[in-house]
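# need a structure here:
(chains A, B, C and D)
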Amino acid sequence: MIDKRVASLAEAVAGVRDGDTVLVGGFGNSGVPVALVHAVLDLGVRDLTVVTNNAGSGETDIAALIRERRVRKIICSYPRSSGSVWFEKLWRAGEIELELVPQGTLSERMRAAGAGLGGFFTPAGADTPLAEGKEVRVIGGRRHVFEEPLPADVALIKAHLADRWGNLVYHSAARNFGPVMATAARVTVAQVSAFVELGELDPEAVVTPGIFVDRVVAA
Amino acid sequence: MIDKRVASLAEAVAGVRDGDTVLVGGFGNSGVPVALVHAVLDLGVRDLTVVTNNAGSGETDIAALIRERRVRKIICSYPRSSGSVWFEKLWRAGEIELELVPQGTLSERMRAAGAGLGGFFTPAGADTPLAEGKEVRVIGGRRHVFEEPLPADVALIKAHLADRWGNLVYHSAARNFGPVMATAARVTVAQVSAFVELGELDPEAVVTPGIFVDRVVAA
Amino acid sequence: MRLTKRQMAARVAQDIPDGSYVNLGIGLPTLVADVVPPDREIVYHSENGILGMGPAPQEGTGDPELINAGKQLVTLLPGGAYFHHTDAFVMMRGGHIDITVLGAFQVAANGDLANWATDDATLPPAVGGAMDLAVGARRVLVMTTHTTRDGRPKLLPTCTFPLTAAAVVHRVYTDLAVLDVTPDGFVVREMVPGLTRDELQAQTAAPLRWEEP
Amino acid sequence: MRLTKRQMAARVAQDIPDGSYVNLGIGLPTLVADVVPPDREIVYHSENGILGMGPAPQEGTGDPELINAGKQLVTLLPGGAYFHHTDAFVMMRGGHIDITVLGAFQVAANGDLANWATDDATLPPAVGGAMDLAVGARRVLVMTTHTTRDGRPKLLPTCTFPLTAAAVVHRVYTDLAVLDVTPDGFVVREMVPGLTRDELQAQTAAPLRWEEP
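Got it, this is the predicted structure:
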């Protein structure tokens, strides 16, 4: 029998290791899997590469991971915010590496990894410093830059409801990066508001089918 | 005010011209926009390039377009079926051109067009005759073939319900190519079972947001 | 006189036709939604997966996860829909957004846009969705003050800051003028009352031309 | 003796663990679903956008749009979901399907698979989703008669028909044997009772090796 529900946050993030690449859902404070990120913090793992849209804010979740020097490198589109104090501090001190990726390219690179593609050409960024060192090709009269897939060891995402097969639905704009991150990681873990019985989710409205999900935890 | 509903099939397909590339949804007999295809047949346009998974069956819809010599070229993954009599007849006579594309590459090429990408590398087909004449590149130790976007003039799709903004939901496996085709064409036309008032579709469950849809007709 | 921010927004709003799909950049451009004539039905898109975005909720109400690209609370109108980030960028990069209104540090006479990075190396770089939007929207409108706070021109022969995208801007709305980017460079379509051509040119590093609209 | 189709399917079914995500190719492989032990919960995937596919509906009932890749009517189990074609192929090409069971015209000793085109040029070519599935599934099982109807071997040193994909097959189930594709070529794991090694080799063009499983 398939049952992807786990009883504790510790179980949910078991197996995350030093040096892992970790996808973390969320856009600003919307859709961040706060409980899962703190569970990873509690694990004590280091040298993480964290892929997420923003670089944390205040003292919690991603900012806490950065503050505690667990993050060797962050891959994101917008690390700056009024509260991104810890990221900026470590970045100025040269203690954290930043790979800046246009937001659409960030989600598309994860999609390519999840979709088994070898990379793609995008016009976004092709005429900018972010294309430096990358292959640029004129396609249909327009410059495009080649971007590689971005696969990961673990994805931590937040959803609304899950069943025991791991089918997920989300809540409003908290959906953001969850569905694509779920496809791109070797192990995908979702924190959800509640579990429902198998068959309760409308098959027409499931957003992330369970095939992309390994563990779900209520938090 | 936005109102994408049109009153007749003729209005729905108005503007389709000789030489157009037309995407036609459906997989086997599931999800085929039969009424829209017959409306295009009634228009009398010729030299069409039709992109669809199968090459029609029996005497209706796509098979009728082929029988009436309206299709110069078909781009599909699986033109053969027990009923694909007209396609096979014209193909043997050299009267219709066939571009055979692996099914995943077919939908991904349409997605690339809809997503504004310049193309992608896929392992599917890289070691086969379907890669002949195409760029092959080893990525991560595996051969990949470069595939180009497949944009179109018109997409004809079938959905279940629509509102006046053109938001669509589908019915079971009739969804198939509809959502991706809607993104890839200059003009997307959907035939639906019924219209609903704006706000009746659950915003969490809209499958094709109206931004991808130009006209909807009840048929 | 100079236009206020709200007057600038109202001028931009005039050029947004009924039925448009629109993405408003963070900051100044978000004002546009407040001043679009009420008889026009506009569908606002947000990069984090929203179409049919409505105004901010009443103080103390609202869904904390329902935010716009600027991380402000918003609402969803009837007919709106949620989707994931990758689909949001299919819309942006794929030519499905009719109009985007963006802020700018610099705009060049050929339509080059610089709106994500300055030459201040003490700030970590941050780009967000600006590049995808700039290359992908059908029409790119820029809304900006005509000069920087310390009076330096923002409309230049070529940008000196890193580009967001090349040759993408269609029209620029400033507190002094409305200018189109044409094959012959900036063409002034409108100026605020009382401003002379020489005065406008003096605040613009790129050469200006005048044509009737 | 030779295994019947149903016996072959039952042998394949033994190797499908509880909880697997499985895509069954059209034709012979679809039989596997009928003989999987009932205590195993298997999620069947169909390329046209279904996960959690159930058996055929009762005669005269069923949703005419709810079909499998072979265009036969099917049902949806509780927990199943619908999605669009592009997402269906994300699952297939992206390594999310645990096991696929495919038919074959030919399999080579290095795991090359030919299952979409023969040398018959009078038939229009047709490929469907075979290539995506063959390159993308984590484990590719082939289920086929050991030889063609006219007795020619299907397990060859190299394929003579156009490839579906190179070096992808993990295991082959025939009516005579179960064989693994290894770096040293085909290794026979099981044979039907009464068959000798020489008899099996005589019906196989590729050299065979025997190892205990």
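# Does residue C:19 touch residue B:1 like I think?
Yes: using CB atoms under 8 Å, residue C:19 is in contact with residue B:1, at 7.4 Å. In this view, the C-beta of every residue, glycine as well, is placed from N, C-alpha and C.
# Tell me who's in contact with residue C:95.
Residues in contact with residue C:95 (CB atoms under 8 Å, 6 or more residues apart in numbering or on different chains) are B:116, C:136-138.
# re earlier: list residues touching both of residue C:19 and residue B:1?
By CB under 8 Å, 6+ apart, the residues touching both residue C:19 and residue B:1 are residue C:41.
# Also near chain A: which of the contacts of residue C:95, exactly?
Filtering the contacts of residue C:95 for neighbours of chain A using CB under 8 Å from any CB of the partner chain leaves B:116, C:136.
# can I get the contacts of residue C:95 in TSV with neighbour count and secondary structure?
Below are those laid out as TSV (neighbours: other CB atoms under 10 Å in any protein chain shown; DSSP: H, G, I helix; E, B strand; the rest coil):
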residue	neighbour count	secondary structure
B:116	25	coil
C:136	28	helix
C:137	26	coil
C:138	13	coil
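# Okay, strands next: where are they in chain A?
Taking DSSP state E as the test, the strands found in chain A are A:21-24, A:48-51, A:71-76, A:97-100, A:119-122, A:136-139, A:142-147, A:152-158, A:161-162, A:168-169, A:185-192, A:194-195, A:215-218.
# ok, the last one near chain D or not?
This points to strand A:215-218. No: using CB under 8 Å from any CB, we find that strand A:215-218 stays clear of chain D, coming within 13.1 Å at best.
# and that strand, how far out from the chain's middle?
Counting by CA atoms, centre = their mean, to the nearest Å, strand A:215-218 is centred 16 Å from the centre of its parent chain.
# Remind me what that strand packs against, helices and strands.
In terms of contacts (3 or more CB pairs under 8 Å, 6 or more residues apart in numbering or on different chains; DSSP states H and E), strand A:215-218 is packed against helix A:9-13, strand A:185-192, strand A:194-195.
# Chain A contacts on chain C?
Going by CB under 8 Å from any CB, the residues of chain C near chain A are C:46-50, C:63-67, C:71, C:76, C:82-86, C:89, C:92-93, C:112, C:117, C:122-132, C:135-136, C:162-166.
# buried subset of those?
The neighbour-count test (16 or more other CB atoms under 10 Å in any protein chain shown) marks C:46-50, C:63, C:65-67, C:71, C:76, C:82-86, C:89, C:92-93, C:112, C:117, C:124-132, C:135-136, C:162-166 as buried among the residues of chain C next to chain A.
# Who are the packing partners of the regular element (helix or strand) spanning residue C:34?
Residue C:34 is located in helix C:32-35, with elements delineated by DSSP states H and E. Secondary-structure packing of helix C:32-35 (3+ CB pairs under 8 Å, 6+ apart): helix C:5-14, strand C:21-24.
# one more time with 10 Å, if that's ok
helix C:5-14, strand C:21-24, strand C:99-102 (3 or more CB pairs under 10 Å, 6 or more residues apart in numbering or on different chains; DSSP states H and E).
# Next, see if the following helix or strand past it gets close to chain B.
Per DSSP H and E, the first helix or strand lying C-terminal to helix C:32-35 is strand C:43-46. Yes: using CB under 10 Å from any CB of the partner chain, strand C:43-46 reaches chain B at C:43, C:45.
# Now do strand C:43-46: distance to the chain's middle.
Remark: strand C:43-46 is offset 14 Å from the chain centroid, using CA atoms, centre = their mean.
# cool, stretch C:206-213 as well?
That offset, for stretch C:206-213, works out to 21 Å (CA atoms, centre = their mean).
# give me the residue from chain C nearest chain B.
residue C:78 (3.0 Å; CB to the nearest CB).
# Please name the spatially closest residue to that residue (chain neighbours excluded).
Once flanking residues are discounted, residue C:78 sits nearest to residue B:199: 3.0 Å by CB to CB, 6 or more residues apart in numbering or on different chains.
# And for residue A:192?
Residue A:192 sits nearest to residue A:162 (CB to CB, 6+ apart), 4.4 Å away.
# Could you do residue C:4 as well?
Among residues not flanking residue C:4 along the chain, residue C:175 sits closest, at 7.8 Å (CB to CB, 6+ apart).
# on that earlier part again, select, out of the helices and strands packed on helix C:32-35, the one closest to residue A:129.
Taking CB to CB, strand C:99-102 is the member of the helices and strands packed on helix C:32-35 nearest to residue A:129, at 18.5 Å.
# Check whether that closest one comes near chain B.
No: applying CB under 10 Å from any CB, one finds strand C:99-102 separated from chain B by no less than 12.4 Å.
# Dump that strand to PDB, keeping only the CA atoms.
Taking C-alpha atoms only, strand C:99-102 is exported to PDB below (Å, rounded to 0.1, in the frame of the first residue of the first chain):
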ATOM      1  CA  ILE C  99       1.300  45.300 -21.900                       C
ATOM      2  CA  THR C 100       3.800  45.600 -19.200                       C
ATOM      3  CA  VAL C 101       4.600  48.800 -17.400                       C
ATOM      4  CA  LEU C 102       8.100  48.900 -15.900                       C
END
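# which element follows it toward the C-terminus?
strand C:106-108.
# Show the average pLDDT along the next helix or strand after that next one.
Counting by DSSP H and E, the next helix or strand C-terminal to strand C:106-108 is strand C:113-114. Average pLDDT, strand C:113-114: 98.
# Who are the packing partners of strand C:113-114?
strand C:106-108, helix C:130-136.
# which other residues reach it?
A:127-128, C:102-108, C:130-131, C:134-135, C:140, C:142, C:154, C:156, C:158-169, C:172, C:181 (CB atoms under 10 Å, 6 or more residues apart in numbering or on different chains).
# which of the residues in stretch C:53-70 are buried?
C:53, C:63, C:65-69.
# thinking residue C:154 is in contact with residue C:105, fair?
Yes: with contacts counted by CB atoms under 10 Å, residue C:154 reaches residue C:105, the gap being 6.8 Å.
# So stretch A:121-130, near chain D or not?
No: using CB under 10 Å from any CB, we find that stretch A:121-130 stays clear of chain D, coming within 17.2 Å at best.
# Okay, now that stretch: how far is its last residue from its first?
Chord length of stretch A:121-130, first to last residue, is 14 Å (CA to CA, to the nearest Å).
# and if you look at stretch A:123-130?
End-to-end distance (CA to CA), stretch A:123-130: 12 Å.
# What residues does chain A have near chain D?
By the rule CB under 10 Å from any CB, the part of chain A lying against chain D is A:1-4, A:111-117, A:149, A:151, A:163-168, A:179-180, A:183-184, A:186, A:197-212.
# Pull out the buried residues from the residues you listed.
Neighbour counting with 16+ other CB under 10 Å marks A:2, A:4, A:111-117, A:149, A:151, A:163-168, A:179-180, A:183-184, A:198-199, A:201, A:203-212 as buried within these.
# Show me what the helix holding residue C:34 is in contact with.
Applying CB under 10 Å, 6+ apart, the set of residues contacting helix C:32-35 is C:6-16, C:22, C:24-25, C:42, C:44, C:53-56, C:68, C:74, C:99, C:101, C:141, C:143, C:173.
# Restricting to C-alpha, output that helix in CSV.
Provided in CSV are the C-alpha atoms of helix C:32-35 (Å, rounded to 0.1, in the frame of the first residue of the first chain):
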residue,chain,number,x,y,z
VAL,C,32,-1.6,52.5,-12.7
ALA,C,33,-4.2,50.0,-11.6
ASP,C,34,-5.7,52.6,-9.3
VAL,C,35,-6.4,55.1,-12.1
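# Mind listing the shared neighbours of residue C:154 and residue C:105?
C:114, C:144, C:148.
# Buried by neighbour count, from the residues you listed: which ones?
Judged by 16+ other CB under 10 Å, buried ones among those: C:114, C:144.
# Please verify my assumption that the residue nearest to residue C:78 contacts residue B:163.
Yes: in this structure, residue B:199 is within contact of residue B:163 by CB under 10 Å, at 7.6 Å.
# Give me the common contacts of those two.
In contact with both residue B:199 and residue B:163: C:78-79, using CB under 10 Å, 6+ apart.
# Can you pull the residues of chain C lying near chain B?
So chain C meets chain B at C:18-21, C:39-43, C:45, C:49-52, C:76-83, C:86-98, C:132, C:135-136 (CB under 10 Å from any CB).
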